[in-house]
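sequence and predicted model, in that order:
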Protein chains: 2
Amino acid sequence: MLPSTTLTTLGLIAGALTSFSFALQVWRSWRTKSVKDVSASMYVVFSTGVILWLVYGMLRHDVALIVWNALTLVLVALILALKVRYTQRTATDRRALGTELDHPG
Amino acid sequence: MLPSTTLTTLGLIAGALTSFSFALQVWRSWRTKSVKDVSASMYVVFSTGVILWLVYGMLRHDVALIVWNALTLVLVALILALKVRYTQRTATDRRALGTELDHPG
């Protein structure tokens, strides 16, 4: 059996990678202003799971579970917010373009 | 404190939701054949984290961690495979279109 500090460090690195990875999707969506290919239903189901992990961590008084899942929840909420924002913007742009085509010049 | 079966059930539901959510992104990418807005670097970093969670689960003999992370890894690998496949296809289509424009007819 490995010493518990090695296990704790492994859990910390694993949690940091899985949580912070979502910041890369936030950055891409923010930079490109395009979210068409991102599955909203995936992020809705994923957030629900993360909230349950957070409750699970609180009930077990597991600080690592609480911290990583809270951070993940913030990043995933940002991805969902960008999805809603840029989907609405694309719809508005399409309607505006439609109006221009109906009344050119 | 809640009975341990309630905690175990909560962990099972949380794990099922966070793992299976990725199937929804697999389904969307497969259906639309479009992956432009999906961040490849997010899924590379996330997979690395999931592999470490898997090792952590094995070292702790935690069956739930092993099962959910193995399932997540398969689904995330599928998303990355679709990202590579459809990105290459888009590049090939663009080159083909470029050739057509150079030599019309």
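Here it is on my side, so go on.

below-threshold pLDDT in chain A: ranges please.
Counting by pLDDT under 70, chain A shows low-confidence ranges at A:1-2, A:99-105.

residues contacting the residue nearest the centre of it?
In chain A, the residue lying closest to the centroid (C-alpha atoms, centre = their mean) is A:Val76, at 2.0 Å. By C-beta atoms under 8 Å, 6 or more residues apart in numbering or on different chains, the residues touching A:Val76 are A:22, A:43, A:46-47, A:50. (C-beta placed from N, C-alpha, C; glycine too.)

now A:Gly57
Per C-beta under 8 Å, 6+ apart, neighbours of A:Gly57: A:63-66, A:69.

now it: how far from A:Ile13?
Using C-beta to C-beta, to the nearest Å, A:Gly57 is found at 18 Å from A:Ile13.

ok, now A:Thr90?
Going from A:Thr90 to A:Ile13 by C-beta to C-beta gives 38 Å.

ok, A:Val76 next?
20 Å.

same check on A:Ser21?
As for A:Ser21, its distance to A:Ile13 is 12 Å (criterion: C-beta to C-beta).

what about the helices in chain A?
A:4-32, A:40-59, A:63-102 (DSSP state H).

got the buried residues for the last one?
I take that to be helix A:63-102. For helix A:63-102, a neighbour-count test (16 or more other C-beta atoms under 10 Å in any protein chain shown) marks A:65-69, A:71-73, A:75-76, A:78-80, A:82-83, A:86 as buried.

if we can go back for a sec, how about the residue nearest to the centre of chain A: what's its closest non-neighbour residue?
Take A:Val76 and drop its neighbours on the chain: the residue closest to it by C-beta to C-beta, 6 or more residues apart in numbering or on different chains is A:Ser47, 5.1 Å away.

ditto for A:Leu10
Nearest non-adjacent residue to A:Leu10, counting by C-beta to C-beta, 6+ apart: B:Tyr56, 5.0 Å away.

show me the contacts for that neighbour.
For B:Tyr56, the contact set (C-beta under 8 Å, 6+ apart) comprises A:7, A:10-11, A:14, B:62, B:65.

again, only this time at 7 Å
Contacts for B:Tyr56 were tallied using C-beta atoms under 7 Å, 6 or more residues apart in numbering or on different chains; they are A:7, A:10-11, A:14, B:65.

burial count for the residue lying closest to A:Leu78 once chain neighbours are set aside?
Counting by C-beta to C-beta, 6+ apart, A:Val26 is the residue found nearest to A:Leu78 once chain neighbours are left out, at 4.9 Å. Neighbours of A:Val26 under the rule other C-beta atoms under 10 Å in any protein chain shown: 19.
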